[in-house]
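> need a structure here:
(one chain, ligands or ions: 1)
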Amino acid sequence: MKRVVIKVGSHVLTENGTIAKTRMLALVELIVELKAHRYEVILVSSGAVSAGYTQLPLDRSIVANKQALAAIGQPYLLKMYQEQFSIFNLLCSQVLLSADVFDSKKHRDHAKNAIDTLLKNNVVPIINENDTVSIEELVFGDNDRLSAHVTHYFDASLLVILSDIDAFYDKDPNKYKDAKPRSFVNTIHNDELNAAHTPNNTFATGGIVTKLQSADFLMNHGREMFLASGFDLSNVKSFLLDGEHKGGTLFKV
Ligand code: ADP
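Residues are numbered from 1 along each chain as shown. Sure, this is the predicted structure:
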């Protein structure tokens, strides 16, 4: 069994202010396929704020409103996941974590026991930040760094980040037409880790910098990260199911 964490950003899960059900179904199908290929899959899913906004359109520029929207949207999001997983007779589950869970060995051991038990029983854990008590990733990060901690501390070998961008480019592809995707990255420079943050839309809060920080953390801990498109899953499928690296960026020492 190979344990992987898949993180899906809010941009991928949202379409015109509502949850993009077709893309969610494609993601669920990917997880089902991976499980059939003897992968253990942990999902880290953003999208609670967007799901909440479809029910109550509060001003998202206010952090307390975002927390409230996450509280409204999280059960909605999980209900949609439950519906999609039930098509394949699979159970999913909700695990809400905050970054400080990982600061305490006792707490992260408790959390890992729960995750191990869910996986052993063929249940898909769906992790999100507990935004009503901890707003670090809600305000900044969009679960990128949380998913890196989940990967390391819950002992997965690989984090797959499914993003609105299909790879890490040698420069910002939105600004430079000649930006080229990189297939492999084995070191990340300090200036890249501290660069200005570049969230790409009103729901995304991370941008590429938090992805690089996550990759750096994982490479420093002997783990890998693969960044690929969440809109078109063909590259991530080739990579994980056929062992063919056609597109996307592998961060590996
Ligand atoms: P998501 O919410 O899908 O996880 P974000 O929108 O937060 O992703 O971050 C990805 C965005 O970062 C890209 O869409 C792109 O606009 C921006 N970006 C800036 N520099 C780069 C780069 N060198 N390579 C790839 N994307 C970059």
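> which of the helices or strands spans residue 127?
Using DSSP states H and E, residue 127 sits in strand 124-129.
> what does residue 11 give?
helix 10-13.
> and that helix, what does it pack against?
Helix 10-13 makes packing contacts with helix 21-36, helix 48-55, strand 158-163 when contacts are defined by 3 or more Cβ pairs under 8 Å, 6 or more residues apart in numbering; DSSP states H and E. Backbone N, C-alpha and C define where each C-beta goes, glycine included.
> tell me which of the ones you listed is the most buried.
strand 158-163 (a mean of 27; mean count of other Cβ atoms under 10 Å).
> now do that one: which elements does it pack against?
strand 2-8, helix 10-13, helix 144-153, helix 207-220, strand 224-229.
> and these as CSV, adding mean neighbour count and mean pLDDT?
Putting the helices and strands packed on strand 158-163 into CSV (neighbours: other Cβ atoms under 10 Å; pLDDT from 0 to 100) gives the following:
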stretch, mean neighbour count, mean pLDDT
strand 2-8, 22, 98
helix 10-13, 24, 91
helix 144-153, 25, 96
helix 207-220, 22, 94
strand 224-229, 24, 98
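> could those go into CSV alongside distance to the ligand?
Shown next, in CSV, are the helices and strands packed on strand 158-163 (distance: least, Cβ to the nearest ligand atom, whole Å):
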stretch, distance to the ligand
strand 2-8, 8
helix 10-13, 4
helix 144-153, 7
helix 207-220, 4
strand 224-229, 8
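> lowest-pLDDT helix or strand in the protein?
helix 136-139 (a mean of 79; mean pLDDT, DSSP states H and E).
> is that one up against the ligand anywhere?
No. Helix 136-139 is not in contact with the ligand by Cβ under 6 Å from any ligand atom; minimum separation 11.5 Å.
> give me the angle between the strand holding residue 127 and helix 48-55.
Put simply, strand 124-129 runs at 90 degrees to helix 48-55, going by axes from the mean of the first three to the mean of the last three Cα atoms, to 10 degrees.
> for the ligand, what's its nearest residue on the chain.
For the chain and the ligand, the shortest gap (Cβ to the nearest ligand atom) falls at residue 9, measuring 2.7 Å.
> that residue is in contact with residue 46, isn't it?
Yes. Using Cβ atoms under 8 Å, residue 9 is in contact with residue 46, at 5.5 Å.
> picking up where we left off before, what sits up against the strand holding residue 127?
Defining contact as Cβ atoms under 8 Å, 6 or more residues apart in numbering, one finds that strand 124-129 is touched by 31, 35, 41-46, 48, 74, 77-78, 81, 85, 90-99, 114-115, 118-119, 136-138, 143, 146-147, 150.
> could I get the buried residue list for the least confident helix or strand of the chain?
137-138 (16 or more other Cβ atoms under 10 Å).
> which elements pack onto it?
Applying 3+ Cβ pairs under 8 Å, 6+ apart, we find helix 136-139 packed against helix 63-86, strand 124-129, helix 144-153.
> return the distance of it from the chain's centre.
13 Å (Cα atoms, centre = their mean, to the nearest Å).
> swap in stretch 57-66?
On the basis of Cα atoms, centre = their mean, stretch 57-66 sits 22 Å off its chain's mean C-alpha point.
> and that stretch, how far apart are its ends?
Length of stretch 57-66, first residue to last, Cα to Cα, to the nearest Å: 10 Å.
> for that stretch, what is the average pLDDT?
For stretch 57-66, mean pLDDT is 94.
> kindly report the same for stretch 169-176.
The model assigns stretch 169-176 a mean pLDDT of 90.
> near the ligand, anything from that stretch?
Yes. Stretch 169-176 reaches the ligand (Cβ under 6 Å from any ligand atom) through 169, 171-174.
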